[in-house]
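Engineer: here are the coordinates; sequence isn't available:
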DNA sequence: AATGAATGAGACTTCATTCAT
DNA sequence: CATGAATGAAGTCTCATTCAT
């Protein structure tokens, strides 16, 4: 992630003293995610961030103006990363409605997205009154777009299959609830709840209501503990 | 809210100078819930709590020793309140397995439990790395008990109905995920997601997998806007 | 003011650990004046103030909420102190117009007012764009009141004496200019410019334009140096 | 002031990448004056200066080594500019003593000198303990020279006119006080106090004590407001 | 000459906790 | 029991200065 170091031509492991704006911003956002994952958002200070980044204290304000802004840009980064993934899958021309819907489901549990470190950031925003407002200001558009798309896909599937099931918009909302709830489980009980298990649970739900479009999943084996 | 304070029989609006231990503790826990709901857990200080309680700063430490302890006892209070409700329903001798399961579901969306103020506290604990540990130390037993009970109930239902569905333990876990996810929706989008709608969504899920035990719900009307 | 001390019974010179609101505020304002006099307003930090006061850092915010507020209340304190002095003199029923005018002049150079420490505060406010605005918001009323009174007094004197001199309002304004200019001299060249010399200079000006009302002063002896 | 960019011959509005030492220093001093006028000396940072100058941060240190030095050189620039003006007038061979004295007075209120922007700098130095020392180290010689010259001129006038007035050195000092006080008025109440009005006030003072040498001024009209 | 990223000391402010009353 | 003044560590942010480019 912090891979693209610099165009070589430098003493092997001496980090560059100055770097481009975007490189530094990326480093700091990554460090922020790490810090939130480890210390929580309340325990994240400018110092913990700079320690994760290996940079100096003043640099954060130089690049992000304020802690608030750094936290917001971190959320926006994750929201975009997530959006890019599910939206690209949805846009794939060759897929049927149910394939698209499943692709969106899978995107939520993609190994690059459904990481405990990254989930920590999402739930940090969900966990506090003031931040929920910020979240909505920054991410509502994306969430609404996805809800709309999912609803349309469900409608298409219901039409096709002639299913007797809840209205499409309720199915889509239940899916959204499941994403959040299963993410929370992965976050809190990582030994019990895996990405694969989460996907299987959602597929089982979809298989129950769209039996001709979604095959019943096989549940992955699991540790009994935790 | 904390207004209609005292049980009359006192000079109109003079608050009592001394009160019983439990009364004061209750007042302070209620104030803590209110403060977390309004200011978040990070924005909750000993002072915001005392302001909500209408009591003095020293009193909080007198009754709870530390802020950490106050927050923990607040969580325990909510966990017990919740447990009392669903466990009582489950214990009701006259119910069938599916009725018990639905009673547990309903308890999660009981008007005394599924309040935005109270959900704020739960998600405050979910939102931060350090607090998740605390949560697990304090609430895991209850959560595991409920998961065990739900699993048993699902097993009984599956046996009875001869359903071809995911294993009982996965259904129970999916239910837990739905509780969390729908609670989060109520917390974040209170205009769209109501207690009734949440119950209907869970019942729709159960109706899909246990069609002979759970009737398909009718979804309550709703505002289109958020 | 420092009234509710407490029922004595205290070891002689141990300062009280807690004191009444007004006592502490007074201490802190005095410390602020001392700090501005010594370090300038820019060099005045919460630490320098608390060191002068012998109190702890957090206490300033406890009593004054912010540094800005502390600085403003310090200015207001001085403005009121000054106002009380000249206004009382002006109100003295037994004085003639010229006596009142001279009393106002003298109040500007009263030993409790025209102190280098206190002048430091006034000029700190005059010296910076942002603070000048604050000054005007806080002190303009007093300054305007005094200008109005001085103008009236000059008018009365001019009428009485039939003087051929600048209009009363210009005399009053020239006086205001002299106050400021001579204060600045006392501040910058304390060895050369004394309170007594300043008063003599203003009296000489008034003697020149109101010869029958104001006697020519004798100038106090002085050091040639500085 | 920063207008005389360079001898043309360059692409219209592309600023030169390199410029002569003196041009850059002049630009930066002008920017410093602007910054002090707008943000105060405390609010003036190397960055505000560079923004006013349209130059880069490193350049300021390159040309002035430190902020302290930049501020001092700015003061020296203004002190010299002022000195040049009044000293040239004083040197004018054709003038009488009273004409020279009035020329010195007028120089203080010359449109190039008595600017709110420039006065901001003077009063920034007057306003803070530490800076007053710096001011004296840098400007005392000039101030003393002027005081000496004014005293001599007053002596000559008093001899000539046989005036019964305060000693010449006190008149000269009163004049210095008036300069400072009226400058402050221009700085703080620009709508009420103009350069012309200030000059008239000083002339009125001189007319009162040197009636045969200084004619009574006519006071300029003014806005009632402010 | 010139740029601007980087550093880190120091400022203001908040807040859990203590303790005299 | 109850109050609230007092403390001081810790956090955020600013900014003069340095230095690689």
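Structural biologist: Looks like it arrived, so ask away. It should be emphasised that the depicted structure is a prediction, and the values quoted were computed from it without experimental measurement.
Engineer: Every contact and neighbour count from this point should use C-alpha atoms.
Structural biologist: OK.
Engineer: Who are the contact partners of the residue of chain A found nearest chain C?
Structural biologist: As assessed by Cα to the nearest Cα, chain C sits closest to residue A:66 within chain A, at 20.4 Å. Contacts for residue A:66 (Cα atoms under 8 Å, 6 or more residues apart in numbering or on different chains) come out as residue A:60.
Engineer: mind running it again at 7 Å?
Structural biologist: Counting by Cα atoms under 7 Å, 6 or more residues apart in numbering or on different chains, residue A:66 makes contact with nothing.
Engineer: how near is it to DNA strand F?
Structural biologist: Using Cα to the nearest atom of the strand, to the nearest Å, we find residue A:66 at a distance of 4 Å from DNA strand F.
Engineer: Phi and psi next, for that residue.
Structural biologist: phi -160, psi 160 (degrees, to the nearest 10).
Engineer: Repeat that for residue A:101.
Structural biologist: The phi and psi torsions at residue A:101 (degrees, to the nearest 10) take the values phi -60, psi -40.
Engineer: Does chain B have contacts with stretch A:169-178?
Structural biologist: Yes - with Cα under 7 Å from any Cα of the partner chain as the criterion, chain B is reached by stretch A:169-178 at A:174, A:177, A:178.
Engineer: ok, the residues you listed vs DNA strand E, which is closest?
Structural biologist: residue A:177 (32.1 Å; Cα to the nearest atom of the strand).
Engineer: Do I have it right that that closest one meets residue B:183?
Structural biologist: No - look at residue A:177 against residue B:183 with Cα atoms under 7 Å: they stay out of range, at 8.4 Å.
Engineer: Just the buried residues of stretch A:124-144, please?
Structural biologist: Going by neighbour count (16 or more other Cα atoms under 10 Å in any protein chain shown), the buried part of stretch A:124-144 is A:124-132, A:134-136, A:138-139, A:142.
Engineer: now check it, is it near chain B?
Structural biologist: Yes - contact between stretch A:124-144 and chain B, assessed by Cα under 7 Å from any Cα, occurs at A:124, A:126, A:127, A:128, A:129, A:130, A:132.
Engineer: quick one: average pLDDT of that stretch?
Structural biologist: Mean pLDDT, computed over stretch A:124-144, is 97.
Engineer: got the contact list for it?
Structural biologist: A:41, A:76, A:79, B:37-41, B:120, B:123-124, B:126-128, B:188.
Engineer: are any of those buried, and which?
Structural biologist: By 16+ other Cα under 10 Å, the contacts of stretch A:124-144 give A:41, A:79, B:37-41, B:120, B:123-124, B:126-128, B:188 as buried.
Engineer: any idea how far the nearest residue to residue A:74 once chain neighbours are set aside is from residue B:129?
Structural biologist: Computed as Cα to Cα, 6 or more residues apart in numbering or on different chains, the closest residue to residue A:74 that is not its neighbour in sequence is residue A:29, at 5.5 Å. Distance, residue A:29 to residue B:129, by Cα to Cα, to the nearest Å: 18 Å.
Engineer: now do residue A:171
Structural biologist: 31 Å.
Engineer: Around DNA strand F, pick out the residues from chain A.
Structural biologist: For chain A, the contact set with DNA strand F under Cα under 7 Å from any atom of the strand comprises A:16-18, A:43-47, A:57-59, A:61-62, A:65-68.
Engineer: now do 6 Å
Structural biologist: Contact residues (Cα under 6 Å from any atom of the strand) of chain A with DNA strand F: A:16, A:17, A:44, A:45, A:46, A:47, A:58, A:61, A:65, A:66, A:67, A:68.
Engineer: Measure how buried the residue in chain A that chain D sits nearest to is and give me the count.
Structural biologist: Ranked by Cα to the nearest Cα, the top residue of chain A for proximity to chain D is residue A:62, at 12.5 Å. By other Cα atoms under 10 Å in any protein chain shown, the residues close to residue A:62 number 9.
Engineer: what about it, distance to residue A:46?
Structural biologist: 12 Å.
Engineer: Likewise for residue A:182?
Structural biologist: 31 Å.
Engineer: and what of residue A:26?
Structural biologist: 16 Å.
Engineer: Helices of chain A, residue ranges please.
Structural biologist: A:21-39, A:46-53, A:57-64, A:67-91, A:97-108, A:116-126, A:129-161, A:168-188, A:195-209 (DSSP state H).
Engineer: Domains in chain A, by residue range?
Structural biologist: A:19-65, A:74-209 (automatic domain parsing).
Engineer: and DNA strand E, which of those is closest to it?
Structural biologist: domain A:19-65 (3.1 Å).
Engineer: Just checking that closest one against DNA strand E, any contact.
Structural biologist: Yes - contact of domain A:19-65 with DNA strand E (Cα under 6 Å from any atom of the strand) involves A:19, A:24, A:55, A:56, A:57, A:58, A:59.
Engineer: Among these, which pair sits farthest apart?
Structural biologist: By the measure Cα to Cα, A:19 and A:57 form the most distant pair in these, at 15.9 Å.
Engineer: still on that earlier bit, neighbour count for residue A:26 and residue A:46, which is higher?
Structural biologist: Ranked by neighbour count (other Cα under 10 Å), residue A:26 and residue A:46 place residue A:46 first, with 19 against 16.
Engineer: quick one: contacts for that one?
Structural biologist: Here residue A:46 is in contact with residue A:57 (Cα under 7 Å, 6+ apart).
Engineer: Could you rerun that using 8 Å?
Structural biologist: A:57, A:60, A:67.
Engineer: If you rank these by neighbours, which is first?
Structural biologist: Going by other Cα under 10 Å, residue A:60 tops these with 22 neighbours.
Engineer: Isn't that one up against residue A:51?
Structural biologist: No - at 11.2 Å, residue A:60 does not count as touching residue A:51 under the criterion of Cα atoms under 8 Å.
Engineer: pLDDT score for the residue of chain A closest to chain D?
Structural biologist: pLDDT, residue A:62: 96.
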